[in-house]
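# Just to be clear, the model below is a prediction. Sequence and coordinates:
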Amino acid sequence: MPSAADLITSLTATVPDFPKPGILFRDLTPVFANGEALRVVTDALVEPFRGEVDAVAGVEARGFVLAAAAAYALGVGMLIIRKPGKLPRPHLSQSYDLEYGSATLELQPDDLPPASRVLVLDDLLATGGTLSAAIDLVQRANWTVAGVSVVLELEGLGGRAVLAGHTVRSLVTL
Ligand SMILES: O=P(O)(O)OC[C@H]1O[C@H](OP(=O)(O)OP(=O)(O)O)[C@H](O)[C@@H]1O
Ligand SMILES: Nc1ncnc2[nH]cnc12
């Protein structure tokens, strides 16, 4: 059976100059589209955290795909960390910078009891801005960050250092 790393490396598409000139975009949608890869990658993302989390948080949009699969695999619930203007009930907001712009994420803190242990998932770690904002939201909701798990880490952009103090699992580093 191919490993998660083999499947990620062979299926990830690399697109130059998207969404802006100079950005080498790593597109993981072919990994999501492959049934074996989605299962093997999801299992690898959650494996160290089994039995240690109460919920999985996914960052819109590609993080939703992984977080839903991961929550099902772990038998826990899923939290959605959304782009602005989508959440109908009281929510926290956090702005951040990323490789190709700036953005805001939002979270509804009353979706889960205080002190819940949350695994934060996304497809990719680049500058760390997105996951840093997601972690801030989880902590501001009075939950505990059990860890962070991503499929792909772009090492040159320094995201791991930005997330210092947290357990960060990445399945492939480029
Ligand atoms: O570490 P960073 O520099 O913050 O970059 C990583 C983020 O960038 C991409 O999301 P994007 O904002 O493009 O949104 P999408 O998932 O909706 O495509 C990716 O899915 C991560 O969430
Ligand atoms: N190079 C990249 N490819 C895909 N998603 C990204 N998010 C931030 N940088 C990215």
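Thanks, I have the structure now. Ligands and ions are numbered 1, 2, ... in the order given.
# Give me the neighbour count for the closest residue to residue 99 other than its chain neighbours.
Among residues not flanking residue 99 along the chain, residue 126 sits closest, at 4.9 Å (C-beta to C-beta, 6 or more residues apart in numbering). Heads up, the C-betas are built off the backbone N, CA and C, glycines and all. Counted with other C-beta atoms under 10 Å, residues neighbouring residue 126 total 23.
# Okay, strands next: where are they in the chain?
Secondary structure of the chain (DSSP state E): strands located at 13-16, 24-27, 55-59, 77-81, 92-98, 101-107, 117-125, 144-153, 168-173.
# Can I get the fourth one in PDB, CA atoms only?
Below are the C-alpha coordinates for strand 77-81, written out as PDB (Å, rounded to 0.1, in the frame of the first residue of the first chain):
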ATOM      1  CA  GLY A  77     -17.300  16.500  16.100                       C
ATOM      2  CA  MET A  78     -16.100  19.200  13.700                       C
ATOM      3  CA  LEU A  79     -15.800  23.000  14.100                       C
ATOM      4  CA  ILE A  80     -15.800  25.300  11.100                       C
ATOM      5  CA  ILE A  81     -13.400  28.300  11.000                       C
END
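# quick one: that strand to chain centroid distance?
11 Å (C-alpha atoms, centre = their mean, to the nearest Å).
# Same question for the second one.
From the chain centre to the centre of strand 24-27 is a distance of 16 Å (C-alpha atoms, centre = their mean).
# Equivalent analysis for stretch 143-157, please.
Centroid separation for stretch 143-157 versus its chain: 7 Å, with C-alpha atoms, centre = their mean.
# List the buried residues in stretch 140-147.
Within stretch 140-147, the residues that qualify as buried are 141, 143, 145, 146, 147, counting by 16 or more other C-beta atoms under 10 Å.
# Enumerate every residue touching the third one.
When the contact criterion is C-beta atoms under 8 Å, 6 or more residues apart in numbering, the partners of residue 145 are 118, 120, 135, 138, 139, 166.
# and the third one, how many neighbours does it have?
Here the number of neighbours of residue 135 (other C-beta under 10 Å) works out to 22.
# how long is stretch 48-58 end to end?
From its first residue to its last, stretch 48-58 covers 17 Å (C-alpha to C-alpha, to the nearest Å).
# which residues are in contact with it?
For stretch 48-58, contacts defined as C-beta under 8 Å, 6+ apart pick out 46, 64-68, 70-71, 74, 76-81, 107, 112, 116-122, 134, 138, 146-147, 149, 167, 169.
# ok, how many other residues are close to residue 148?
27.
# so what's it up against?
By C-beta under 8 Å, 6+ apart, the contact set of residue 148 is 119, 120, 121, 122, 125, 131, 135, 163, 166, 167, 168, 169.
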